[in-house]
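Peer 1: this is a predicted model, with the sequence first.
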Amino acid sequence: MPERKYQTIVCTGSLVLALGGSLEAQESELATFTIPQAVEVALNLNPEVLSERERTTELGQLVREARSEALPQVSANLAWRQNRDPGLRNSPFFARIIESGELPPDALSAFFFANYVWNFEVSQPIYTFGRVSNAMRAANEERTGVGLDVREIENRIAYDVVRACYGYLLARQNLEVLEHERASRRRQLEQVEVRFELEDATRLDLLRARVALANLAPEVLAADNRLQVAIASVNNTLGRSIDAPIEVVAELELEKPHPQVLRPEALLEIASLNRPELRRYAVDRKVLEARVGVTSSEVKPQIRATASFGVNTFATSNVSDLALHTWAAGLVFDWKLFDGFRTKSQTGVLRSQITQNQYDETTFRNQLSVDLKEASGTWVRALEALEVTELAVNEAREAERVSEESLKWGAATTLDVLQSTLALRQSELNQTTVAHDALVALAEMKFLTGFRADAPHSVIEVSDPVAEQLVQPGERSEPSEERGGHKEGSKP
């Protein structure tokens, strides 16, 4: 088992390197991958995901920045100043000194001196009334929110990739159906030509067979164009050149037994616990509440301890003489008593944003409920149609075989054969469309509940026999070995 896991990792890593190579290589080499591998490639190369992941590093530094306000602040100062002092002439008693005449004239002159200072200063916050703790809490919660943002982007990109791959499989299979029909009509035309030479078929039969074959050419071209568009869509989600050749190793079919998907109400409960966007709303409120604490602390007392040690001298020879040192230590109590209602206004804004966040969450949750009901309805309809289309395809194939055999013996007309071939084509196209719709509906329900679209079907299935009533109406309820999880090797 570990060896298999290692091989999977090596395979996916090699695929990432291959698809992330030069554009020249991308345009010339065929990229072959499964749907889960395509999702992994997109998540490893998409710049939006990489940018959001880098934000987790940024938030880690912001947490450290918030914590720094609780740690000591140490600074070293070194200063030199040249001073000019006007001396006694700047004294308020200068006039009296002149009248006394007791000082020599040079005593009244200005003098110059140098001042040399070095010291260390330390400041340590003692109590900040929640400023530091709330700032750290806000940064930590925001880091959690960024992790949820990364998950949301990964889920969205995975859903886009899976839908693009299913669109490619649908276009490829529709083209195969038309190519098969063209081969059948060519065969039928050859049979009519032989019968016409034997005078067993009319000219109208011959013209009808030729027109039927010619009418198919535009449809084949349109199907091929849809396939090229689907290839471009897959390449676009993978960040590759849109014209690069690809091959998705998967089939557009739903393995039996079909997944027993929970009802929309149960899926909504899962989404409430798992959807990154819903969890992000709660995180945003916690961040805003922490910011309210930080802002409120602006008008609360701030207490810090300060200390300094150094030397202040007038001679360079005394700079290193610690006998001339000075020191100071004390407490600072700072309290902003009134700031013109600035802090109160800011906290009011933050509390309003909290209320807006709650309204936005309610709107998102309501829309999510609608989307889940719509996806569940699509799934139920597709599931009901799967068996019908399978029976219709089998019936149409048998009808085509019987009509062609009857044509050989003259028991059927060319029109009968053409109609049976057309019915088979339509039945096969309906079958591929229904299978596509069912798989896309499953992928959408996984995405809406907060999982990656390539996750096993079991994440939205009923795993407890007691919870059978939670299964979508119209689904099978017989027990199977895969009820509790996704069958290994099955297609997502």
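Peer 2: Nice, I can see it.

Peer 1: going forward, measure contacts and count neighbours with C-alpha atoms only.
Peer 2: Will do.

Peer 1: helix/strand/coil for the residue lying closest to Thr313 once chain neighbours are set aside?
Peer 2: Distances taken as C-alpha to C-alpha, 6 or more residues apart in numbering place Tyr116 nearest to Thr313, at 5.3 Å, with adjacent residues excluded. Secondary structure for Tyr116, judged by DSSP: H, G, I helix; E, B strand; the rest coil, is strand.

Peer 1: repeat for the one 4 residues further on
Peer 2: Using three-state DSSP as the criterion, the local structure at Phe120 reads strand.

Peer 1: same check, this time on Leu71
Peer 2: When classified by three-state DSSP, Leu71 comes out as coil.

Peer 1: what do you get for Ser376?
Peer 2: Assignment for Ser376 (three-state DSSP): helix.

Peer 1: now it. Nearest residue, chain neighbours left out?
Peer 2: Pro264 (6.6 Å).

Peer 1: what separation do you get for that neighbour and Glu461?
Peer 2: 12 Å (C-alpha to C-alpha, to the nearest Å).

Peer 1: with Val349 instead?
Peer 2: Separation of Val349 from Glu461 (C-alpha to C-alpha): 44 Å.

Peer 1: and for Asn215?
Peer 2: 45 Å.

Peer 1: the two - which one has more neighbours?
Peer 2: Glu461 (22 against 11; other C-alpha atoms under 10 Å).

Peer 1: phi, psi for that one please.
Peer 2: Dihedral angles of Glu461 (phi, psi; degrees, to the nearest 10) stand at phi -100, psi 160.

Peer 1: could you check the pLDDT of Ala135?
Peer 2: Model confidence at Ala135, given as pLDDT, is 88.

Peer 1: ok, and the residue nearest to the spatial centre of the chain, which helix or strand is that part of?
Peer 2: Closest residue to the average C-alpha location of the chain: Ile153 at 0.7 Å, with C-alpha atoms, centre = their mean. In this assignment (DSSP states H and E), Ile153 forms part of helix 131-197.

Peer 1: next one: Leu391
Peer 2: According to DSSP H and E, Leu391 maps onto helix 342-408.

Peer 1: so what does whichever helix or strand comes after the helix holding Ile153 touch, helix or strand wise?
Peer 2: Next helix or strand after helix 131-197 toward the C-terminus (DSSP H and E): helix 203-238. Under the contact criterion of 3 or more C-alpha pairs under 8 Å, 6 or more residues apart in numbering; DSSP states H and E, helix 203-238 touches helix 35-45, helix 131-197, helix 414-448.

Peer 1: just give me the neighbour total for Val311.
Peer 2: Neighbour count for Val311, taken as other C-alpha under 10 Å: 20.

Peer 1: the one 3 residues further on too?
Peer 2: Other residues within reach of Phe314, judged by other C-alpha under 10 Å, total 15.

Peer 1: using PDB, list the CA coordinates for stretch 336-350.
Peer 2: Extracted C-alpha coordinates of stretch 336-350, given in PDB (Å, rounded to 0.1, in the frame of the first residue of the first chain):
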ATOM      1  CA  LYS A 336      -6.400  59.200  26.800                       C
ATOM      2  CA  LEU A 337      -9.500  60.700  28.500                       C
ATOM      3  CA  PHE A 338     -11.300  62.100  25.500                       C
ATOM      4  CA  ASP A 339     -10.600  61.800  21.800                       C
ATOM      5  CA  GLY A 340     -13.600  63.600  20.300                       C
ATOM      6  CA  PHE A 341     -15.600  60.400  20.000                       C
ATOM      7  CA  ARG A 342     -13.200  59.000  17.400                       C
ATOM      8  CA  THR A 343     -12.800  55.600  19.100                       C
ATOM      9  CA  LYS A 344     -16.500  55.300  19.700                       C
ATOM     10  CA  SER A 345     -17.200  56.000  16.000                       C
ATOM     11  CA  GLN A 346     -14.700  53.400  14.900                       C
ATOM     12  CA  THR A 347     -16.100  50.700  17.100                       C
ATOM     13  CA  GLY A 348     -19.600  51.600  15.900                       C
ATOM     14  CA  VAL A 349     -18.400  51.000  12.300                       C
ATOM     15  CA  LEU A 350     -16.900  47.600  13.200                       C
END
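
Peer 1: alright, calling it a day.
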